[in-house]
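**Student:** Pasted the sequence and its predicted model underneath.
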There are 2 protein chains.
Amino acid sequence: MKILVLGAAGMVGRKLIEKLLETGTLCGNQIASIHAFDVGEPASADDRVTVQAGDITDAATVDAMVDVRPDVIFHLAAIVSGEAEAEFDKGYRINLGGTNNLCDAIVARKGYTPRVVYASSIAVFGAPFPDIIDDEFHLTPLTSYGTQKAIGELLLADYTRKGHMDGIGIRLQTIVVRPGKPNAAASGFFSNIIREPLVGEPANLPVDDDVMHWMASPRSAVHFCIHAAEIAGDEVGPHRNLSMPGLAITTGEMVAALRNYAGDAVADRVTREPDATIKSIVDNWPRRFDTSRAEALGFRAEAKFEDLIAAHVEDELGGKIG
Amino acid sequence: MKILVLGAAGMVGRKLIEKLLETGTLCGNQIASIHAFDVGEPASADDRVTVQAGDITDAATVDAMVDVRPDVIFHLAAIVSGEAEAEFDKGYRINLGGTNNLCDAIVARKGYTPRVVYASSIAVFGAPFPDIIDDEFHLTPLTSYGTQKAIGELLLADYTRKGHMDGIGIRLQTIVVRPGKPNAAASGFFSNIIREPLVGEPANLPVDDDVMHWMASPRSAVHFCIHAAEIAGDEVGPHRNLSMPGLAITTGEMVAALRNYAGDAVADRVTREPDATIKSIVDNWPRRFDTSRAEALGFRAEAKFEDLIAAHVEDELGGKIG
């Protein structure tokens, strides 16, 4: 079992490789090698892992990576929503051009049809939204990032239909609790208001308590990737892109869950200074999804928000809260 | 008013240019020039028309065409559904690569936001279908052609949203009566069974009488293009791709309309030899659309099938039937 991970230095990529090394198998087979590729040097001490820093917009680089015919390719490489919106050309070159390079490299090899797990996003959907969004809601993204992901989904489905690859697209939601430092992303506060108070720091909630959003833990994101590599393609049918299960919860309920899990002292570190800009962005975000197709295929996510907090405390804080 | 037509030698392209030359204006302005581009040499004796044969997959060729900053660009260039399905690489190079070249050439010119009229297709939608398909039905094409058109729609919407162009995508349906010779396309019989009997030739109906499909005349297709060039973009809103009005009619009703319009002798030239292959293809085709958005924006199509026959007899047969 040879594995290629594009975007190996990102948060999901790193955690996915850790999990694969720990399990040692994928699709029931021993993992012989993991080729970890990213624009920044991905790090790993494990001798099953080959690391490579490079540019996914370079067709020859991507072609060379596919030349060993990996059995499973995790395509997680992308610049994020805010950057793709601010840098139009760069977004298309990396998020669409990179995907095109991967498709071309696979098609060029006759008789080679790898399982490709493609990290898509709920950003493929655009407002106005129904209360509950199903897999068959129309694709009218309202960001460049969402457009690039929607195009990737269409390519994945058509290349799979024609037998050039065996692709599964997984629409990831906002991942909470994201480890690391607070960042400037509009969605950053969803993680900040949990992560920071747990280590004794204040964090601001810039929107009202009734803002509902769709979340899953980093641990679930890794499960989505691995499960997408392992499911039988013919059970999925021709619609190869699936919204992933998650938790629809309001910001007020998040803080209440933090209070319930970690106590008043921790939860009281959440400040409430409204930010009109962030509010107006978040107003256009989806709230809740119907993921019955993915659930029927065995994808699972946390049932309550305390589980997302616990996953963070166990995986990132060694079980201790500050 | 400078106009660029990509795909100028195709059926719609030729008729569009004829109509533009006849009217002499577009968007209320005198037409100064029409640049007619196609892979085969487009022909025109009118001195407002510059003809050019070339390859839309060549970025420099497309860039040079856009350099004069046409006010309106009609992007009708594509290889058809059957060819895109049979020749996978060629389909992506022309139908997607050509569109990418056009987008790149426009973005490269600062302060230039032409109206781009993009000929999309109802093939962006894939079975299973509801009885009536609206503009918000999900994009899950089941052909490479439909995938390429759906990607074009997404690019058009995002480039428009970011102010790089002012695009309108029009989803064309099966055009009936198509002039010319019978062809091997699976949809060919929809035109054959009208066009051939009208000139004294037999034509075969290979499917049952109750097969319903969505049609418009070549005359309407030209109207869709011109109207899409002229409507106000801000009335369209962020969803820039519109299914065009048409007529939902069964094959049996088509033959009855032919009988009504041209008499028994003509209608009796339709033979009925079933073709299982064509039947199975057509079974997956859409039947009827909700085009209320396009209609509210002023797009119009024929109200009854006799009008489609009459349009053909007037435009192609000089008013005479054989």
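**Tutor:** Looks like it arrived, so ask away.
**Student:** Every contact and neighbour count from this point should use C-alpha atoms.
**Tutor:** Fine.
**Student:** Strands along chain A, start to end?
**Tutor:** Using DSSP state E, the strands of chain A run over residues A:2-6, A:25-26, A:29-30, A:33-38, A:49-53, A:72-75, A:115-121, A:166-172, A:174-175, A:203-204, A:212-216, A:241-243, A:247-250, A:270-271.
**Student:** Out of those, which is closest to chain B?
**Tutor:** Proximity to chain B (Cα to the nearest Cα) singles out strand A:241-243 among those, at 9.7 Å.
**Student:** Any chance you could list what contacts the closest one?
**Tutor:** Residues outside strand A:241-243 that contact it (Cα atoms under 8 Å, 6 or more residues apart in numbering or on different chains) are A:122, A:134-135, A:153, A:157, A:168-172, A:289-291, A:293-294.
**Student:** and with 10 Å instead?
**Tutor:** A:117-122, A:133-136, A:150, A:152-154, A:156-157, A:167-173, A:228, A:236, A:289-295, A:297, A:299, B:140 (Cα atoms under 10 Å, 6 or more residues apart in numbering or on different chains).
**Student:** coming back round to it: include mean pLDDT, distance to residue B:127 and mean neighbour count when you put the strands of chain A into TSV, please.
**Tutor:** TSV is the format used below for those (pLDDT from 0 to 100; distance: least, Cα to Cα, whole Å; neighbours: other Cα atoms under 10 Å in any protein chain shown):
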stretch	mean pLDDT	distance to residue B:127	mean neighbour count
strand A:2-6	98	33	23
strand A:25-26	98	33	16
strand A:29-30	98	36	11
strand A:33-38	97	37	23
strand A:49-53	95	42	18
strand A:72-75	98	28	24
strand A:115-121	98	23	25
strand A:166-172	98	19	25
strand A:174-175	96	31	22
strand A:203-204	96	47	20
strand A:212-216	96	29	23
strand A:241-243	97	16	27
strand A:247-250	96	30	19
strand A:270-271	98	49	16
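**Student:** check contacts around residue A:153.
**Tutor:** By Cα under 10 Å, 6+ apart, the neighbours of residue A:153 are A:118-121, A:124, A:147, A:159, A:167-171, A:239-242, B:140, B:147, B:151.
**Student:** For chain A, give the residue positioned nearest to chain B.
**Tutor:** Counting by Cα to the nearest Cα, chain A gets nearest chain B through residue A:138, at 3.8 Å.
**Student:** Phi and psi next, for that residue.
**Tutor:** phi -70, psi 150 (degrees, to the nearest 10).
**Student:** Let me know the pLDDT of residue A:184.
**Tutor:** At residue A:184, the model reports a pLDDT of 68.
**Student:** can you check the one 5 residues further on too?
**Tutor:** According to the per-residue confidence, residue A:189 scores 95 in pLDDT.
**Student:** List the residues that contact it.
**Tutor:** By Cα under 10 Å, 6+ apart, the neighbours of residue A:189 are A:176-177, A:182-183, A:195-196, A:203-207, A:251, A:278.
**Student:** Count the residues that sit near residue A:125.
**Tutor:** Residue A:125 has 23 neighbouring residues, counting by other Cα atoms under 10 Å in any protein chain shown.
**Student:** just residue A:90 next, same as before
**Tutor:** Residue A:90: 16 neighbours (other Cα under 10 Å).
**Student:** Nearest residue to it in space, please, no chain neighbours.
**Tutor:** Once flanking residues are discounted, residue A:90 sits nearest to residue A:84: 6.8 Å by Cα to Cα, 6 or more residues apart in numbering or on different chains.
**Student:** With residue A:211 instead?
**Tutor:** Per Cα to Cα, 6+ apart, closest to residue A:211 is residue A:250, 5.1 Å.
**Student:** What's opposite that neighbour in the beta bridge?
**Tutor:** Taking DSSP bridges as the rule, residue A:250 bridges to residue A:212.
**Student:** Now do the contacts for it.
**Tutor:** For residue A:250, the contact set (Cα under 10 Å, 6+ apart) comprises A:190, A:208-214, A:256, A:287.
**Student:** Report the two of those separated the most.
**Tutor:** A:256 and A:287 (18.5 Å; Cα to Cα).
**Student:** so where's the longest helix in chain A?
**Tutor:** helix A:144-161 (DSSP state H).
**Student:** what comes up buried for it?
**Tutor:** For helix A:144-161, a neighbour-count test (16 or more other Cα atoms under 10 Å in any protein chain shown) marks A:144-161 as buried.
**Student:** near chain B, which residues of the stretch 151-300 of chain A show up?
**Tutor:** Counting by Cα under 10 Å from any Cα of the partner chain, the residues of the stretch 151-300 of chain A close to chain B are A:151-155, A:157-159, A:161-162, A:238-241.
**Student:** let's see it at 8 Å
**Tutor:** Proximity of the stretch 151-300 of chain A to chain B is confined to A:151, A:154-155, A:158, A:161, A:238-239 under the rule Cα under 8 Å from any Cα of the partner chain.
**Student:** Likewise for the stretch 1-150 of chain A?
**Tutor:** A:136-144, A:147, A:150.
**Student:** any idea which of those residues has the most stuff around it?
**Tutor:** When the residues of the stretch 1-150 of chain A next to chain B are compared by neighbour count (other Cα under 10 Å), residue A:144 ends up highest, at 30 neighbours.
**Student:** unless I'm mixing things up, that residue is touching residue A:83, no?
**Tutor:** No: using Cα atoms under 8 Å, residue A:144 is not in contact with residue A:83, being 9.6 Å away.
**Student:** where do the contact lists of these two overlap?
**Tutor:** In terms of Cα under 8 Å, 6+ apart, residue A:144 and residue A:83 are both contacted by the residues residue A:91.
**Student:** still on that earlier bit, pull out the buried residues from the contacts of residue A:250.
**Tutor:** Neighbour counting by 16+ other Cα under 10 Å classes A:190, A:211-214, A:256, A:287 among those as buried.
**Student:** between these, which is closest to residue A:305?
**Tutor:** The closest of these, once distances to residue A:305 are taken by Cα to Cα, is residue A:256, at 9.6 Å.
**Student:** Now for the closest one: which residues touch it?
**Tutor:** Taking Cα under 8 Å, 6+ apart, we find residue A:256 in contact with residue A:267.
**Student:** Thanks a lot, catch you later.
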